[in-house]
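J.: Model the structure of this input:
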Amino acid sequence: MEETSEKELFETIPVRRAVAALAVPTIISQIVSIIYNLADTFFIGQMGDPYMVAAATLVYPWFALLTALGNLFGIGGSSLASRMLGAKREKEIKHVSSFCFYSGICVTLVFAAFSLLFRTHLLRLLGGSEENIGYAETYLIWVVVLGGAPTVLSMILAHFLRSEGHAKLASAGMMTGGILNIFLDPLFIYGLHMGFMGAAVATALSNLISMLFFLACYCRMKERTVVSLSPHHFSMRFAGQVFSVGIASALTQGLANLSNMTIVKLSSGYGDIAVAAYGIVKKIDMFPLGISMGLCQGVMPLVGYNYAAKNYKRMKDVSVFSWKAASAVALCFMGSFLAFAPWLFQSFIRDGQTGELGTTFLRIACLAVPVQSVNALIIYTLQAMGKGTQSTVLTICRQGFLNIPMLVMMNWMFGLYGMIWTQLVIELIMLPATLGMYAVTWRKLTKQDSV
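T.: Residues are numbered from 1 along each chain as shown. Sure thing, here's the model as predicted:
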């Protein structure tokens, strides 16, 4: 995208077209990423062993913590980069991007080493049983220990591409890894007779190729990007500003994963069938939530740029339009899941007990999706504006103070099904708080603008 078209995209193109230009490619890449995540579960499920599905389910929340690390540096850094573009401070972005890239490598390597050293204790803590822990260790080593750094770096590089308006290129990189995984899963599992391990190897290799794609993009762009991956530009000067927003985003993902770990641990008390059913439901439920996340990531550069440029009306128009769009999509998915839950579940595994339990889980879980999408978008909007404190408070309340204690309480009071209802209860409690926080922030902006 040329400089002139970037300026038009951020400043003058009608809101719907601008949101579509940035969000649609991001949403498509999210859908492909979801499909490749589903591919592991689908092809593992075709082997007809619930213990293998349970093993992948145990590891997934820990693997998803890599997304939290990617968001810490990717969203934290790219949000700051978008605001710097709006404030005409392009040269400083080189220091921000270099800091995020190399800090992301170091932190991820520490996370991978910890996962390797304490893998057995970790998996037991997550609810591993004698029947599934061997499979879980194999999956953890490949996707987290060996594949962790490429996974995180891919996300960081994609976020910085979006911050400059290169949404299509960012999406192409994420889609490359996703599409590869879809083809490599059956090749490794069945063609090369690697079985369960083949799914893990396919995921790790796909993320590595995605990272190489992004590195090649930056090498080709050279003077056409303000992002720098050179260690010469590494500086801690902007670390505080990166973390002020990045920590909120990382907490959103991290606490959500902690909630998933809590559910998996509590579900393991009801047997591996319950864990397998819940794991498949979470993968299906990723479709509407992934689209919402794609919309969030797509509109963040628009919000951040116009906030820094003090074009508050356009910023608000972008935010409100994205909330309406997310609600409409989520309601469509909710209706589909309620109507077609049994058929959706049977496509993953034909075990009767797992299917019956999972169908009920899915019909309960999907009720939370519309409210969940709006809450997430408001929090991401605050992050794009650099309001790290407000978004962090909302995130901790939503995913920490309320969610985890309520999961334990609902399990104690209502058993297995009570845990599945928890998300809807939490989102309904949080909706007035997130709307209220945005309203207060908006009033402060308009007062400053009028002074």
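
J.: For residue 142, see how far away residue 357 is.
T.: Distance from residue 357 to residue 142, counting by CB to CB, to the nearest Å: 28 Å. Every C-beta, even on glycine, is put in place using the N, C-alpha and C of the backbone.

J.: now swap in residue 264 and tell me
T.: On the measure of CB to CB, residue 264 and residue 142 end up 19 Å apart.

J.: Tell me which of those two has more neighbours.
T.: Per other CB atoms under 10 Å, whichever of residue 264 and residue 142 has more neighbours is residue 264, with 24 against 21.

J.: I'd like the next helix or strand past the lowest-mean-pLDDT helix or strand in the chain.
T.: Lowest by mean pLDDT, DSSP states H and E among the helices and strands of the chain is helix 3-11, with a mean of 64. For helix 3-11, the succeeding helix or strand toward the C-terminus, using DSSP states H and E, is helix 15-45.

J.: Output the contacting helices and strands for that following helix.
T.: Contacts defined by 3 or more CB pairs under 8 Å, 6 or more residues apart in numbering; DSSP states H and E place helix 15-45 against helix 3-11, helix 50-86, helix 148-163, helix 167-186, helix 196-221, helix 272-308, helix 312-346.

J.: what's the angle between the fourth one and helix 15-45?
T.: What it means is helix 167-186. Angle, helix 167-186 to helix 15-45, by axes from the mean of the first three to the mean of the last three CA atoms, to 10 degrees: 10 degrees.

J.: other SSEs contacting helix 167-186?
T.: Against helix 167-186 (3+ CB pairs under 8 Å, 6+ apart) you get helix 15-45, helix 148-163, helix 196-221.

J.: Give me the residue at the spatial middle of this structure.
T.: residue 67 (5.9 Å; CA atoms, centre = their mean).

J.: give the contact list for it.
T.: The contact partners of residue 67, by CB atoms under 8 Å, 6 or more residues apart in numbering, come to 155, 253.

J.: So for stretch 83-91, what gets flagged as buried?
T.: Within stretch 83-91, the residues that count as buried by 16 or more other CB atoms under 10 Å are 83, 84, 85, 86.

J.: So among these, where is pLDDT lowest?
T.: Minimum pLDDT for these is recorded at residue 86 (77).

J.: mind checking how far the residue nearest to that one when sequence neighbours are not counted is from residue 335?
T.: Counting by CB to CB, 6 or more residues apart in numbering, residue 308 is the residue found nearest to residue 86 once chain neighbours are left out, at 3.1 Å. Distance of residue 308 to residue 335, computed by CB to CB: 39 Å.

J.: go on, residue 243?
T.: Counting by CB to CB - residue 243 and residue 335 are separated by 40 Å.

J.: So between the two, which is more surrounded?
T.: For the pair residue 243 and residue 335, the greater number of neighbours falls to residue 243 (17 against 11), based on other CB under 10 Å.

J.: What is the neighbour count of residue 321?
T.: Counted with other CB under 10 Å, residue 321 comes out at 18.

J.: was I right about residue 128 contacting residue 135?
T.: No - at 9.3 Å, residue 128 does not count as touching residue 135 under the criterion of CB atoms under 8 Å.

J.: so what's in contact with those two at the same time?
T.: Shared contacts of residue 128 and residue 135, defined by CB under 8 Å, 6+ apart, are found at residue 55.

J.: State the mean pLDDT of the helix or strand hosting residue 412.
T.: Per DSSP H and E: residue 412 is located in helix 403-414. Mean pLDDT, computed over helix 403-414, is 88.

J.: now do stretch 164-176
T.: In the prediction, stretch 164-176 has an average pLDDT of 80.

J.: just how off-centre is that stretch within its chain?
T.: Remark: stretch 164-176 is offset 16 Å from the chain centroid, using CA atoms, centre = their mean, to the nearest Å.

J.: residues making contact with it?
T.: In this structure, residues lying in contact with stretch 164-176 by CB under 8 Å, 6+ apart are 1, 5-6, 9-10, 21-26, 28-30, 32-33, 81, 85, 154, 157-159, 161-162, 209-210, 213-214, 217, 225-227, 298, 301.

J.: that older thread, pretty sure the residue nearest to residue 86 sits against residue 79.
T.: No - judged on CB under 8 Å, residue 308 makes no contact with residue 79 at a distance of 10.3 Å.

J.: Between the two, point out the one with more neighbours.
T.: Using other CB under 10 Å, the more surrounded residue of residue 308 and residue 79 is residue 79, with 31 against 21.

J.: Now the more buried one. Nearest residue, chain neighbours left out?
T.: Closest to residue 79 by CB to CB, 6+ apart is residue 245, at 4.8 Å.

J.: Thank you, goodbye.
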